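A.B. asks: I'd like to go over a predicted model; first the sequence, then the structure.
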Amino acid sequence: VIPTFQERINMSQPSVQARPGQIDFDIYYFIRKLLRNLPAIVMAAVIAAVGTYIFMDSRVGTSYSASMNIAVINRGSGNINSAAMEEYRIVSACSRVRSVLNSEMLRSQIQKKYGNLEGNLNTTQTENTNLLRMSASASTAQAAFRLLKAAVNEYPSLASNFGTNYKLVRMGELSVDNVFRSRRNPLRYAAMALLAIGAAGVGLVGYYCYMTTRLHSARQARRLIDVDSLGTLHYTRKARHQKALLITDKKTGMTYSEEIDRLGTRVAHAMEKEGLRTVLISSLYENEGKSTVAANLALNLSRRGRKVLLVDLDMRRPALSKIFDHKIQEGYGVSDSLEGKLTPEHLRIASRRAPNLSYAFQAKPVAGADKLLETQRFDEWLQQIGEGMDLVILDSPPTGIVHDTQLIAGHADASIFVVCYDLARAEEVNDMVDILEETGTRLLGFVFNMDRGFANTAAYGYGGKYGRYYYGYARRSHSGQDHGKEEA
């Protein structure tokens with residue numbers, strides 16, 4: 001019994017243990033992720049700013065402060081060596097006095113005589129001067145004035161802590177003119193919250209891009225995947241009214257065609273070198289573009305004079321007939337032939353796009369496709385349908401969703417894995433590589449598909465979407481009620 005992908009993941013450790021510093025930090029990938037998450041970051045920052053504004057406006061509100069300047073004066077005793085020395089001593093004395101006034105001693109003295117007075121006391125020193133500023137703040141003007149008055153009346157009782165050579169002199173009289181109304185600006189705190197949450201969001205995106213093993217560059221894929229790279233296909237947008245991205249279509253860009261040609265060269269060389277004839281094309285998940293890669297690889301190899309057969313063995317979610325815009329008659333599908341209703345010779349269709357290419361399509365999704373692949377007749381059927389062909393290319397279902405591909409791989413000479421940009425993780429791909437290799441197939445390598453790297457964007461700026469010929473694989477692949485519906 002071949003284990004499913006999830007069972008395999010549970011039984012074994014990931015093949016790649018990525019650590020910080022191993023992963024390439026792609027600035028363009030970071031920008032893409034940042035732009036994708038920007039609405040959420042902005043929303044969180046705005047919510048935080050509004051909440052901070054409401055809190056500060058309701059809780060802090062208006063406050064009152066009263067203050068008085070106090071000078072620290074030398075009593076005239078002691079030896080004075082120089083003006084500079086005296087200035088130094090004055091400044092040091094001010095610092096000592098400020099510490100005493102800000103200590104609990106003054107507050108305790110006030111509490112003994114006046115009880116618990118509302119508000120806060122604070123004494124500051126004007127830099128490089130002998131001036132101190134004593135301030136009291138409270139929610140009302142009366143409370144602030146009472147606290148300052150009590151402090152001014154009681155600080156002389158702490159004179160023994162100031163030093164014998166210095167005394168404190170009030171600069172002016174205490175009056176209601178010393179009381180001021182102050183209102184903290186909640187907008188300032190709201191702006192600070194906005195910037196803080198915004199910066200945190202950007203930082204989290206950067207941390208994710210640095211730590212992730214999700215494959216987002218061809219260079220990273222080559223370094224983290226355990227098999228060789230066969231090539232890179234860049235993100236290419238279909239032209240208007242173009243149903244599929246095929247190299248035989250004049251609307252398809254030259255760059256994409258050239259990349260397929262390089263891929264075809266490597267595959268043909270590897271197949272000929274090792275005497276391989278049947279190659280399976282698969283991917284880990286849906287929407288990775290494997291069917292498009294299989295179709296274009298078949299077209300390219302047939303252009304080289306080889307007789308190529310392209311078989312759609314993705315019977316749960318067939319796509320090749322839609323890619324080639326070919327309507328299949330009822331009863332002329334791969335599943336019909338595997339059930340013995342149609343001979344393999346009658347299933348093959350000669351292509352109108354390439355003289356050396358033939359197809360074997362599946363018309364509609366089939367429930368329980370794995371039952372058709374597990375029979376002993378499948379190997380014989382594969383030999384019969386490929387008779388007279390130089391190469392047979394098999395388009396299989398995603399390996400990470402159903403185990404059909406593992407059944408097919410045991411009958412294929414070689415396999416090619418399609419890895420899509422920013423979809424699968426390196427450890428997931430490597431675990432599936434191990435599973436395919438255990439079936440006995442020769443894994444030629446992987447194709448990095450839909451690459452969006454920054455260095456390539458300028459050269460391939462006409463990039464776009466493809467590989468969306470089936471969707472909802474996991475949701476519908478095992479249910480028969482919806483199999484008659486065509487895909488969007």
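C.D. replies: Structure received. Numbers count the residues shown, from 1 in each chain.

A.B. asks: quick one: terminal-to-terminal distance for stretch 418-435?
C.D. replies: Stretch 418-435 has an end-to-end distance of 15 Å (C-alpha to C-alpha, to the nearest Å).

A.B. asks: Pull the distance from that stretch to the chain's centre.
C.D. replies: Put simply, stretch 418-435 sits 17 Å off its chain's centre (C-alpha atoms, centre = their mean, to the nearest Å).

A.B. asks: What of stretch 431-445?
C.D. replies: 29 Å.

A.B. asks: Give the buried residues for it.
C.D. replies: Buried residues in stretch 431-445, counting neighbours by 16 or more other C-beta atoms under 10 Å, are found at 431-433, 435-436, 439, 441-445. For every residue, glycine as well, the C-beta is placed using N, CA and C.

A.B. asks: now do stretch 138-150
C.D. replies: Buried positions in stretch 138-150, judged by neighbour count with 16+ other C-beta under 10 Å: 138, 141, 143-150.

A.B. asks: And stretch 188-208, by the same measure?
C.D. replies: Of all the residues in stretch 188-208, those buried under the rule 16+ other C-beta under 10 Å are 189-190, 193-194, 197-198, 201, 205.

A.B. asks: re the thing from before, from the buried residues of stretch 431-445, which ones fall inside helices?
C.D. replies: In helices, judged by DSSP state H, the following of the buried residues of stretch 431-445 are found: 431-433, 435-436.

A.B. asks: Mind putting those residues into TSV with distance to Ile281 and pLDDT?
C.D. replies: Formatted as TSV, these follow (distance: C-beta to C-beta, whole Å; pLDDT from 0 to 100):
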residue	distance to Ile281	pLDDT
Asp431	19	92
Met432	14	91
Val433	14	91
Ile435	16	90
Leu436	12	89
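
A.B. asks: Quick check: which element contains Arg170?
C.D. replies: For Arg170, the element it lies in under DSSP states H and E is strand 166-171.

A.B. asks: What lies in contact with that strand?
C.D. replies: 68-75, 90, 93, 97, 131-132, 152, 155-156, 159, 162 (C-beta atoms under 8 Å, 6 or more residues apart in numbering).

A.B. asks: Quick check: helices, which of those residues are part of them?
C.D. replies: Filtering the contacts of strand 166-171 for helices - DSSP H - leaves 90, 93, 97, 152.

A.B. asks: Among the residues you listed, show me the least confident.
C.D. replies: Across the ones in helices among the contacts of strand 166-171, the smallest pLDDT goes to Ile90, namely 79.

A.B. asks: Could you pull up the contacting residues of the nearest residue to it once chain neighbours are set aside?
C.D. replies: Using C-beta to C-beta, 6 or more residues apart in numbering and skipping the chain neighbours, the partner closest in space to Ile90 is Asn130 (4.7 Å). Contacts for Asn130 were tallied using C-beta under 8 Å, 6+ apart; they are 71-73, 90-91, 93-94.

A.B. asks: low-scoring stretches of the stretch 1-150 of the chain, by residue?
C.D. replies: For the stretch 1-150 of the chain, the stretches flagged by pLDDT under 70 are 1-24, 59-62, 76-86.

A.B. asks: Strands along that one, start to end?
C.D. replies: Secondary structure of the stretch 1-150 of the chain (DSSP state E, counting those that start in this stretch): strands located at 62-74, 120-125, 131-138.

A.B. asks: Among the contacts of strand 166-171, the buried ones, what's the PyMOL command?
C.D. replies: Restricted to buried positions by 16+ other C-beta under 10 Å, the PyMOL selection for these reads:
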select buried, resi 68+70+72+74+90+93+97+132+152+155+162
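
A.B. asks: still on that earlier bit, tell me which residues in the following helix or strand past the strand holding Arg170 are buried?
C.D. replies: Sequence order places strand 179-183 as the next helix or strand after strand 166-171, per DSSP H and E. By neighbour count on 16+ other C-beta under 10 Å, the buried set for strand 179-183 is Val179.

A.B. asks: Thr126 - nearest residue in space that isn't next to it in sequence?
C.D. replies: Here the residue nearest Thr126, using C-beta to C-beta, 6+ apart, is Arg133, at 6.9 Å.

A.B. asks: about what we covered before: out of the buried residues of stretch 188-208, who's nearest Asp404?
C.D. replies: The closest of the buried residues of stretch 188-208 to Asp404 turns out to be Val205 (C-beta to C-beta; 37.1 Å).

A.B. asks: so who does that closest one touch?
C.D. replies: Contacts for Val205 (C-beta under 8 Å, 6+ apart) come out as 30, 33-34, 37, 41.

A.B. asks: quick one, phi/psi of it?
C.D. replies: For Val205, the backbone dihedrals are phi -60, psi -40 (criterion: degrees, to the nearest 10).

A.B. asks: Same question for Ser396.
C.D. replies: phi -110, psi 170.

A.B. asks: again, but for the one 4 residues further on
C.D. replies: Dihedral pair for Gly400: phi -80, psi 0, per degrees, to the nearest 10.

A.B. asks: which ones are touching the closest residue to it other than its chain neighbours?
C.D. replies: Using C-beta to C-beta, 6+ apart and skipping residues adjacent in sequence, the residue nearest Gly400 is Leu284, 4.2 Å away. Going by C-beta under 8 Å, 6+ apart, Leu284 touches 398-400, 417, 419, 423-424, 428-429, 432.
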